[in-house]
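Novice: model this:
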Amino acid sequence: ERVDKELQEYKKALREEKKISKAKDKELQKKAKELEKQRSVIENLVRSLLLAGKSKEEISILTGISVSNIEKLI
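Specialist: This next block holds a predicted model:
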């Protein structure tokens, strides 16, 4: 009986851990989507500034993004 009780408690704890894990996974996916949206906005901003005639150095000063990261975005 004691072993059965321990087994049931273990299974219950495992189910709870799975629920927590799924919730965390959903939250991480949500954050990843938001970061991707932000990256897209930044890429569009950098492209727009380049089309407006700004240099990479000027864009870096305006945005706080390093020149090397600007080069990666374009």
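Novice: and Asn44, helix, strand or coil?
Specialist: With DSSP: H, G, I helix; E, B strand; the rest coil as the basis, Asn44 sits in helix.
Novice: what's the neighbour count on it?
Specialist: Counted with other C-beta atoms under 10 Å, residues neighbouring Asn44 total 11. Where you see a C-beta, it was placed from the backbone N, CA and C, and this is true even at glycine.
Novice: Can you tell me how far it is from Ala13?
Specialist: Applying C-beta to C-beta, to the nearest Å, the value for Asn44 to Ala13 is 47 Å.
Novice: and if you look at Leu62?
Specialist: For Leu62, the distance to Ala13 - C-beta to C-beta - is 52 Å.
Novice: Kindly report the same for Ile20.
Specialist: Ile20 is 11 Å from Ala13, by C-beta to C-beta.
Novice: Show me what the worst-scoring helix or strand of the chain on mean pLDDT is packed up against.
Specialist: Across the helices and strands of the chain, mean pLDDT, DSSP states H and E gives its lowest value to helix 67-73, namely a mean of 93. Helix 67-73 is packed against helix 2-51, helix 56-63, with contacts defined by 3 or more C-beta pairs under 8 Å, 6 or more residues apart in numbering; DSSP states H and E.
Novice: Thanks a lot, see you next time.
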